[in-house]
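In: next one to model:
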Amino acid sequence: EGNLWESALSWWETGLLHAHDWKARWIGAPEGMTAPDSPLPLLRRDFAVRKPLRRARAYVSGLGHYELRLNGAKIGDRELEPGWTHYDRTCLYSVYDITDQLAIGVNAAGMMLGNGFYNVSGGRYTKFKNSFGLPKCL
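Out: Down below sits the predicted model:
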């Protein structure tokens, strides 16, 4: 039996609070993809890890919905990320610990983007008049 005042070690971290904290830019569908039957964007980029990593995090914001993949495997177990907001005021993001998914050498990151309520092209939601633009991610 331990001391009643002892507890397991714990930690927390803050997010990226200001625009200048992000070292990324918005990417997504090209401007010409506005027809309701246009394919949704699939984005992929190779990158190299040159030395062992102590910790790696992915901070991801997808306007519309997204699914992040590393080396072909889905990251996280959530669906329909991120939640809906007033996109002109708030963009949500999620943080993933990707340390174990990265290997020394070449890795591949992939994003599948979906419309969500960010890009409403009609159909079932024809009365929705506040489409914000084409899906994109950061």
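In: next one: the longest strand along the chain to chain centre, how far?
Out: Longest strand in the chain, counting residues (DSSP state E): strand 105-114. From the chain centre to the centre of strand 105-114 is a distance of 11 Å (Cα atoms, centre = their mean, to the nearest Å).
In: stretch 45-59 now?
Out: 16 Å.
In: for G114, what are its contacts?
Out: L40, G64, H65, Y66, P135 (Cβ atoms under 8 Å, 6 or more residues apart in numbering). To be clear about C-beta, it is placed using only N, CA and C from the backbone, and glycine gets the same treatment.
In: if we use 6 Å, what do you get?
Out: Counting by Cβ atoms under 6 Å, 6 or more residues apart in numbering, G114 makes contact with L40, G64, H65.
In: same check on Y66?
Out: Taking Cβ under 6 Å, 6+ apart, one finds M111, L113, C137 in contact with Y66.
In: lovely, talk soon.
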